[in-house]
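*Asks:* here's my sequence, what's the structure:
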Amino acid sequence: SGLVAAGGMAAAMSTADGLILAIANAISHDVYYKMIDPKAETAKRLTVARVLLVVIGFAGATIAAMEPMFASHANAYELVIPTLDYRTGPYAPNGIPLANAYSDYINLLNERDGGIEGVKIKHVDCETGYNTKKGVECYENIKNTAPSRALAIQPFSTGITYQLIPKSAVDEIPIFSMGYGRTSAANGKVFPWVFNFPATYWSQATALVQYIADQEGGMASLKGKKIYLVYHNSAYGKEPIRTLEALAEKYGFEYRGLPVDHPGQEQKATWLQIRKERPDWVLMWGWGVMNQVAIKEAASIRFPMDRFIGVWWSGSENDVLPAGEAADGYLSGAFHAAGGDFALHDDIRKYVYDKGMGAGDRDRIGEVLYNRGLVAVMWTVEAIRNAMKIHGTKEVTPAMVRDGFESLEVDEARLAELGLKDFTYGIKITCENHEGPGRVAVQQWDAKAKKWSMVSKFYEPLREITAPLIEADSMAYAKENNVTPRTCS
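*Replies:* Purely as a prediction, here's the structure:
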């Protein structure tokens, strides 16, 4: 094989030598002799040919040497997608599957597709520990990562989101706070750099109350009922309060909020109060260890699990498994399916885990929070892809990606193409509406099968409740921060 290779190399060099010699002779005869110096003697013509031979050979070698440099430059642009992870700290059990899904999807695209439209993705992660101060530091450290800068930020924390909102407008980097963060950022006229689709906390609160009404016999049947909220005593946990207060006023039920301080392990007094006051339904806006403690405490006072509904951040396997059989029947909000049987999951196993590149445990693909991270990065990638289409370039900037978010449409047909048929619903974002459809369903835990299943339709948000609240809150923000609402044509 060595002799064959040597023979091939010799043949190639011989051919190249012949071509260079032919070119030098042609230029010497046809250009120099015929056009420049027709009276040149044979010896002079021979000298010119030899000089041209050296020049042409040098030029060819120089071009050949520079070609890889040009190719390298052409392929050097990478699309920077950062993640603010929390693999450590009290909320790590929830943060790890979110981060794993993000990493796995990016690895899938790089391995299977060469990135997004053939442009590689540069994944930059930063550990926040779910701490707001660290989250802001992470943002400052990664926002200008070369070559594209951070194309979008997914904080995965309402507290961090609140701090980054004013920075995003200055730095011109879009924030995608998927289903969390500041609800009034749904008003794109005031918050052009923030997107919180597919549904806000306020829309979710109206959906959960509609589900309760369906079980009670209709919205009119809510009158006189007691609906309590056990909430994480933070900006995140307080988000649904004003919506629930407005719903209570309109439909005549009694609302009461019961705060639980970080990290949420001390809830004895809370559940003793619930035992004493006997609410008809309990909602929960919890996170991390707070969720499993609440479910255990609810079981200890024999509160019926099918009347206990968590926000979608209180509805993962991490929340119910520690309670065992006692968690059976527990409910939570949802906007996507659970389970790892979708075509996209199969591709992740094939292109990522089979190659030893998986970020987590193979058998945890398809858990609720893994799927949550998956849908978040999928929508981010589709916004980047849309930005490429809008601006006619693959070297997109954060400002271009903002445009990609604001005109993003991922319908059911596209979901099927992505391997996510019936995984979630289609979304369409506009200048005015950064929340999207706002639809929320309810899922229920089967402790015996250890499986989540959808048990309701997707409820449309009660916009007659949420729209005035969004308008008032966003306009108050605009006034406080000297923001002039833009006009959407």
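
*Asks:* looks to me like I227 is in a helix.
*Replies:* No - read with DSSP: H, G, I helix; E, B strand; the rest coil, I227 is strand and lies in no helix.

*Asks:* show me the contacts for the closest residue to it other than its chain neighbours.
*Replies:* Distance criterion CB to CB, 6 or more residues apart in numbering; nearest residue to I227, sequence neighbours excluded, is W281 at 4.9 Å. Any C-beta I mention is one placed from the backbone N, CA and C, and that applies to glycine too. Contact analysis of W281 by CB atoms under 8 Å, 6 or more residues apart in numbering lists 212, 225-228, 307-309.

*Asks:* try it again at 10 Å.
*Replies:* Applying CB atoms under 10 Å, 6 or more residues apart in numbering to W281 gives the contacts 208-209, 211-212, 215-216, 222, 225-229, 253, 303-304, 306-309, 331.

*Asks:* phi and psi next, for it.
*Replies:* In terms of degrees, to the nearest 10, the main-chain angles of W281 are phi -140, psi 150.

*Asks:* could you tell me which of the contacts of W281 count as buried?
*Replies:* Buried members of those, counted by 16 or more other CB atoms under 10 Å: 208-209, 211-212, 216, 222, 225-229, 253, 303, 307-309, 331.

*Asks:* distance check, G333 against G257.
*Replies:* 17 Å (CB to CB, to the nearest Å).

*Asks:* comparing those two, which residue is more hemmed in?
*Replies:* G333 (27 against 17; other CB atoms under 10 Å).

*Asks:* hey, what's that one bridged with?
*Replies:* V442 (DSSP bridges).

*Asks:* who's M454 bridged to?
*Replies:* Q443.

*Asks:* which residues does the closest residue to A327 other than its chain neighbours contact?
*Replies:* In space, not counting the residues next to it along the chain, A327 is nearest to V320; the distance is 3.9 Å by CB to CB, 6+ apart. Going by CB under 10 Å, 6+ apart, V320 touches 291-292, 295, 305, 310, 314, 326-330, 332, 368, 445-447, 450, 452.

*Asks:* just the element for A169, please.
*Replies:* helix 158-171 (DSSP states H and E).

*Asks:* for that helix, buried residues please.
*Replies:* 158-165, 167-169, 171.

*Asks:* one more: stretch 127-139?
*Replies:* Buried residues in stretch 127-139 (16+ other CB under 10 Å): 127-132, 134-136, 138-139.

*Asks:* in helices, which of these fall?
*Replies:* When DSSP state H is applied, the buried residues of stretch 127-139 are split such that 132, 134-136, 138-139 fall in helices.

*Asks:* of the residues you listed, which is the nearest to N110?
*Replies:* C138 (22.4 Å; CB to CB).

*Asks:* please enumerate the helices of the stretch 51-200 of the chain.
*Replies:* Under the criterion DSSP state H, counting those that start in this stretch, the stretch 51-200 of the chain contains helices at 92-108, 132-142, 158-171.
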